[in-house]
Each structure stands twice: as structure tokens, then as C-alpha cells.
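Undergrad: sequence-free structure coming up:
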């Protein structure tokens, strides 16, 4: 079908032109019927042509909708890809933050163990507190 190979702007132009033709035909037909210059049979035949043109307008409108859907698909896919990359980056940052928290806790644990200032039960309590901080 020709409609599927046209861009949105081309489809709009076709739609507008055919609409103008349909309006013009209807105006002329009514004028000719009013002046009794054509028969009812001729008027009905002209109406069939208008119906065919209106059917074409419907096909063009469907083509326009398809074109819009196609235009929206690519950005949607790109947004999904970027969102996926952002989610992965956020997960890496979260994992890195967890690593830093554990590393800080481990350094504090080692500091509590090696600290010459603490001794006996105080030292054991400090080590246990630092172990709690690791989890």
C-alpha cells in the first residue's frame, strides 16, 4: 500500500488535498442537484466516488497513526536502554558504597584490635562493637 511508504507530513498533505476535493465535489453535487442539472442517479454515482475518497482518507489516517507509532518506538527503545544502563550504574554505586562501609568497619575493627589504649574487657567490647558495624 502506498500509504505505508509515505512520511507523516506527506500523509497529512494527501489527507488535506483529498479532503478539499471531497468538499468541492459535495458542494458541486448539491449545487447541480438543486439546479436540476443532474439526475438522482448521477448524484448517487457521485456519492459513491465521494465514499471511495472518504475510504482513502480513512486509510491515510491509519497510515498517519502508524507513522506516529513508529516515530515513538525508537525513542522508547532508547529510553529503555538508557534506563537499563542507569540502573546498572546505580547498582554499581550501591555495591561500591556497601564495600566502602564494610572496608571502613574493617579498618575500625583492626584499629580497635591494635589500639594500645584499650585493654582487657574494654578492648574486647570495642572489637565486638566494630564486628557489629561490619554487618
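TA: Sure, I can see it. What you see is a predicted model; the values in this text were computed from it and never measured.
Undergrad: helices and strands around the longest helix seen in the chain, which ones?
TA: Taking DSSP state H as the criterion, the chain has its longest helix at helix 40-114. When contacts are defined as 3 or more Cβ pairs under 8 Å, 6 or more residues apart in numbering; DSSP states H and E, helix 40-114 packs onto helix 8-34, helix 120-134. All C-beta spots, glycine's among them, are computed from the backbone N, C-alpha and C.
Undergrad: what sits against residue 22?
TA: Residues near residue 22 by Cβ atoms under 8 Å, 6 or more residues apart in numbering: 50, 53, 54, 57.
Undergrad: go again using 10 Å as the cut-off
TA: Contacts for residue 22 (Cβ atoms under 10 Å, 6 or more residues apart in numbering) come out as 49, 50, 51, 52, 53, 54, 56, 57.
Undergrad: could these go into CSV alongside distance to residue 6?
TA: Below are the contacts of residue 22 laid out as CSV (distance: Cβ to Cβ, whole Å):
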residue, distance to residue 6
49, 22
50, 22
51, 22
52, 19
53, 17
54, 19
56, 13
57, 14
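Undergrad: and these, which are buried?
TA: Using 16 or more other Cβ atoms under 10 Å as the burial test, the contacts of residue 22 include 50, 57 as buried.
Undergrad: which one of the contacts of residue 22 is nearest residue 72?
TA: residue 57 (22.9 Å; Cβ to Cβ).
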